[in-house]
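K.L.:
need the 3D shape of this:
(2 chains)
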Amino acid sequence: MATASVNKPKMRAAERARVSAPAHQPGRFGIYGGRYVPETLMAALEELEREYEKAKRDKKFQRRLDELLRTYAGRPTPLTYAHRLTTEMGGARIYLKREDLLHTGAHKINNCLGQALLVERMGKRRVIAETGAGQHGVATATVCALFGFECVVYMGSEDMRRQELNVFRMRLLGAEVRAVDSGSRTLKDAINEAMRDWVTNVRTTHYLLGSVLGAHPYPTMVRDFHRVIGREARAQILKTEKKLPAAVIACVGGGSNAIGMFYEFIKDKNVQLIGVEAGGRSEALGDHAARFRGGSPGVLQGTFSYVLQDAAGQIANTHSVSAGLDYPSIGPEHAALRDAERAEYVPASDQEALEATTLLARTEGIIPALESAHAVAEAAKRAPKMKKSDVIIVNISGRGDKDIGILRENLKLD
Amino acid sequence: MPLTFYKKPALFVYVTCGDPDLATTKEIVLAAIAAGADVIELGVPFSDPVADGPVIQRASERALRGGTSLAQVLTLAAEVRQHAQSTGLIIFSYLNPILRMGMEKFCKIARAAGVDGVLITDLPVEEAHDYLCAMHQHDLAPIFLAAPTSPDDRLKRIAAASQGFVYAVSRTGVTGTREQLASDAQKLVQRLRRVTKLPIAVGFGISNAAQFVEVGNFADAVVVGSAIVETIERNRGREAAAVAEFVRKLSAVSCQPSA
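P.N.:
Purely as a prediction, here's the structure:
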């Protein structure tokens, strides 16, 4: 007879200590982060972590990545002085970090090239990804074409509708785009479906996660692949202005462009780090994606961070005019930076983002992605209150071509 | 000792609580017990069930539309316990609803309700420190998943952290019925036997009596989940009777006490 008494714990103290208190807790940012996934995925995450640690120390890997970033993606990206915008705001000097000029039109390509090189090292041939705005999907489809990988992109059907152009681009690049009809049919649901695919095909498939989200090592690895943004920006501003900026501003969905921009400035205590979340259409739960305004700590899709949720721990629906910010959780490192009061997070509403798009288009001839427009909106609020000698850097994480449909629905230009 | 398996294989029945409503879930569970289920897994519906296939996803959506919460599932457990003293009761949940309630409070209420064990789908052993402390303090059995992809050193840690039994996942993938069982399941059970004396339950993808017998040849217990949930979905208005019929068919092939 197979029996088991459960009422009296049999585990010895030493044994308990061994299973429950590992020597180190990898992938933690303060109390946030970690690795909360079904057991089936644990071996693959461990493999990825090992491979990434090796690659990080491998000079050849770094050289290949640098070369791809330079000769394929178009790095370094310029730091543009926004002369007319600065004049119109009448305060701090505003600079724009031009990630919108990268191949595929957004910062996402930095991470995709890095992970593609890892996929090659691990000998896998099939890549899956999630996408919200479609920028990460396009970047993934692009690197898969470049490396000859099979590519499947999961995308919420609501996002497919509002980012139709990117769906076509992914298909043109040879990727299969799978519509996700569950939940709010946006980014969160696309990640659920990608995780289900991964849990099923984990032995042959790499999940090319597109933000600083998910289980360890993703938040650390994706951040490292985007650190180049802040590294370049810091050197560029020191060369041009001979001083550090008073503030750097970036939009935060999962938070990859923001952490990429912030990371190099964390040690510069006088540089304010400002993340801009999607304030949506109102402050009611379900009407925005401002995790730090309406959220609380919880676990979603592999990581412990701030989450928009109800009293029973069910994840809330979100809304934003920009698909890339429309997500109920935030990268765990941002949660830690916020708790430590090293970075500040503020919301910008749909309306403010739309107005900022028009503002940047008319003053600088640059149409930002709706995501990046949230950062522009915050810069426009802040600059007039700052000294004329102060400098602000705004990360223009992507370009707005993909948003023309939404802009036409929302802006009356006649 | 409700997690004592008198039959081989023991039959575990999973239900998503609150599908179609909590009163019906109670009827279903009691009918399943009467029909021969040894252990009931009370599934807590979650908005983002990443480890579940379409059947349990749909059931979770229906349950959440009715407002089913973890607190209500624990109340249901207490009610079931009043009617069934010798049946094993296990809470099967994702982590976030439990975190939201508070680990300590959850364990306390679960214990008072007469729950025997808890399985959290997205909580691997590495992250389980606080959970294990609270579970031990309240005499609840923590149960962990073992997967075909888990290397041997992970299987050891999983077995060492588990009490009552180890839950072996029959194959890589989400929950859901399958025509054929992978050879993964038997290999995993063999690897687990080398590192633990705990009974081993096999779940994911077992949907009929033939598969039940096949898995029962090498496992101590067999979990039937999506096939039960699908039976509930397809038999609106007579859910409990339909589940009882299905459970009787499975139970009939495992009614001999094991040697």
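K.L.:
the one helix or strand B:Ala134 maps to vs chain A: in contact?
P.N.:
For B:Ala134, the host element (DSSP states H and E) is helix B:129-137. Yes. Judged by Cβ under 8 Å from any Cβ of the partner chain, helix B:129-137 comes into contact with chain A at B:129, B:132-133, B:136. C-beta coordinates here come from the backbone N, C-alpha and C atoms, glycine included.
K.L.:
want to throw those into TSV with distance to A:Gln115, neighbour count and pLDDT?
P.N.:
Below are the residues of helix B:129-137 next to chain A laid out as TSV (distance: Cβ to Cβ, whole Å; neighbours: other Cβ atoms under 10 Å in any protein chain shown; pLDDT from 0 to 100):
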residue	distance to A:Gln115	neighbour count	pLDDT
B:His129	30	16	95
B:Leu132	34	21	98
B:Cys133	36	16	97
B:His136	40	17	97
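K.L.:
can you give the contact residues for the least confident helix or strand in chain B by mean pLDDT?
P.N.:
Least confident helix or strand of chain B, by mean pLDDT, DSSP states H and E, is helix B:209-216 with a mean of 93. Under the criterion Cβ atoms under 8 Å, 6 or more residues apart in numbering or on different chains, residues B:8-9, B:11, B:170, B:181, B:185, B:202, B:205-206, B:222, B:224, B:249-250, B:252-254 lie in contact with helix B:209-216.
K.L.:
now with 10 Å, please.
P.N.:
Residues outside helix B:209-216 that contact it (Cβ atoms under 10 Å, 6 or more residues apart in numbering or on different chains): B:7-11, B:168, B:170, B:177-181, B:185-186, B:189, B:201-203, B:205-206, B:208, B:221-224, B:227, B:246, B:249-254, B:258.
K.L.:
among these, which ones are buried?
P.N.:
B:7-11, B:168, B:170, B:177-178, B:181, B:185-186, B:189, B:201-203, B:205-206, B:221-224, B:227, B:246, B:250-251, B:254 (16 or more other Cβ atoms under 10 Å in any protein chain shown).
K.L.:
which ones among those residues also lie next to chain A?
P.N.:
Filtering the buried ones among the contacts of helix B:209-216 for neighbours of chain A using Cβ under 10 Å from any Cβ of the partner chain leaves B:7-10, B:168, B:201, B:221.
K.L.:
ok, of those, which one's closest to A:Leu45?
P.N.:
B:Ala168 (19.8 Å; Cβ to Cβ).
K.L.:
circling back to that earlier point, and the two most separated of the ones next to chain A among the buried ones among the contacts of helix B:209-216?
P.N.:
Using Cβ to Cβ for every pair in those, the one that comes out farthest apart is B:Lys7 and B:Ala168, at 18.1 Å.
K.L.:
inside helices: which ones of the contacts of helix B:209-216?
P.N.:
B:185-186, B:189, B:227, B:246, B:249-252 (DSSP state H).
K.L.:
and of these, the nearest to A:His319?
P.N.:
Using Cβ to Cβ, the ones in helices among the contacts of helix B:209-216 come closest to A:His319 at B:Ala227, 37.2 Å.
K.L.:
residues near the nearest residue to that closest one once chain neighbours are set aside, how many?
P.N.:
Leaving out its chain neighbours, the residue that sits closest to B:Ala227 by Cβ to Cβ, 6 or more residues apart in numbering or on different chains is B:Ser207, at 3.7 Å. By other Cβ atoms under 10 Å in any protein chain shown, 21 other residues sit near B:Ser207.
K.L.:
my guess is B:Ser207 contacts B:Ser170. True?
P.N.:
No. Here B:Ser207 does not reach B:Ser170: they are 11.2 Å apart, not a contact under Cβ atoms under 10 Å.
K.L.:
now do the shared contacts for those two.
P.N.:
With Cβ under 10 Å, 6+ apart as the test, B:Ser207 and B:Ser170 both reach B:178, B:181.
K.L.:
so how far is A:Arg125 from the residue of the stretch 251-400 of chain A found nearest chain B?
P.N.:
The nearest approach of the stretch 251-400 of chain A to chain B comes at A:Gly313, 3.1 Å away (Cβ to the nearest Cβ). Distance, A:Gly313 to A:Arg125, by Cβ to Cβ, to the nearest Å: 38 Å.
K.L.:
please say which of the two ends up with more neighbours.
P.N.:
Taking neighbours as other Cβ under 10 Å, A:Gly313 and A:Arg125 compare with A:Gly313 leading, 24 against 15.
K.L.:
so what pLDDT did the more buried one get?
P.N.:
On the pLDDT scale, A:Gly313 is placed at 98.
K.L.:
any idea which helix or strand carries it?
P.N.:
A:Gly313 belongs to no helix or strand, assigned by DSSP H and E.
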